[in-house]
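# please find the sequence and the predicted model below.
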Amino acid sequence: MNEENKREPVKKDIRERPTRARYDKIKSTLDMKWRRRALQSERMTRELADALWDSFENPWTWCGFWLLQPDGKAFQPGPARPAPAPAAIPAEGAVAEALRSGDAKPGQTTIFVPIFDKNARVWAAFEARSSVAFDDMDARWLERLFKPFQTIEKLPPQPL
């Protein structure tokens, strides 16, 4: 067999694929899973955090959800990988800007994405941190992954 007929082995590990292929794989996997069950935001946030981390563990250093407190002044930590956030954060800075604009805000090493419910209310924000810069493609794909949340009516949390 000559050298021209030899093919490179097909890469099977998702981490070796281009970024858009990783996002597409996550979307198709979760769409199939979510199609079979009633949509529940708590379960979906956990599944999304796990799927994103499994695909982007390298170069990402952390990813997770921040759940808006009833008073709207801070975010409580939600599902996250590799470990949950230690404490609440104030609703200011980059995360507050993402909420005000309604768009994902990619930065050098952090991206914030607001998550809307059926009534177009922001109830959470997603954050990912990376050792490489995020770009508009990351923002578009993350917004696309969070689109199913817009079919769920998320009741605002009740103060204790």
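Good, I have the coordinates.

# point out where the chain drops to low pLDDT.
1-18, 155-160 (pLDDT under 70).

# how close does residue 144 sit to residue 71?
Distance, residue 144 to residue 71, using CB to CB, to the nearest Å: 30 Å. Where C-beta positions appear, they are placed from N, C-alpha and C, glycine not excepted.

# those two: which is more packed in?
residue 144 (13 against 9; other CB atoms under 10 Å).

# show me the contacts for that one.
23, 27 (CB atoms under 8 Å, 6 or more residues apart in numbering).

# checking my notes, it in a helix, right?
Yes: assessed with DSSP: H, G, I helix; E, B strand; the rest coil, residue 144 lies in a helix.

# now do stretch 85-96: distance to the chain's middle.
16 Å (CA atoms, centre = their mean, to the nearest Å).

# identify each buried residue in that stretch, please.
85, 89, 91, 95-96 (16 or more other CB atoms under 10 Å).

# could you export these as a markdown table, including secondary structure?
Listed next are the buried residues of stretch 85-96 as a markdown table, based on three-state DSSP:
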| residue | secondary structure |
| --- | --- |
| 85 | coil |
| 89 | strand |
| 91 | coil |
| 95 | helix |
| 96 | helix |
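
# now these in CSV, with distance to residue 25?
Supplementary listing: the buried residues of stretch 85-96 in CSV, determined by distance: CB to CB, whole Å:
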residue, distance to residue 25
85, 26
89, 30
91, 32
95, 27
96, 32
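
# out of the residues you listed, who's nearest residue 45?
Checking those against residue 45 with CB to CB, the nearest one is residue 85 at 13.2 Å.

# spell out which helix or strand contains the residue lying closest to the closest one once chain neighbours are set aside, please.
Of all residues not flanking residue 85 in the chain, residue 77 sits nearest, at 3.7 Å (CB to CB, 6 or more residues apart in numbering). Residue 77 belongs to strand 74-81 when elements are defined using DSSP states H and E.

# tell me what that strand is packed against?
Here strand 74-81 is seen to pack against helix 41-56, strand 60-68, strand 89-90, strand 122-130 when contacts are counted using 3 or more CB pairs under 8 Å, 6 or more residues apart in numbering; DSSP states H and E.

# buried residues, the first one. List them.
By that I understand helix 41-56. Result for helix 41-56 [16+ other CB under 10 Å]: buried residues 41, 44-49, 51-53, 55-56.
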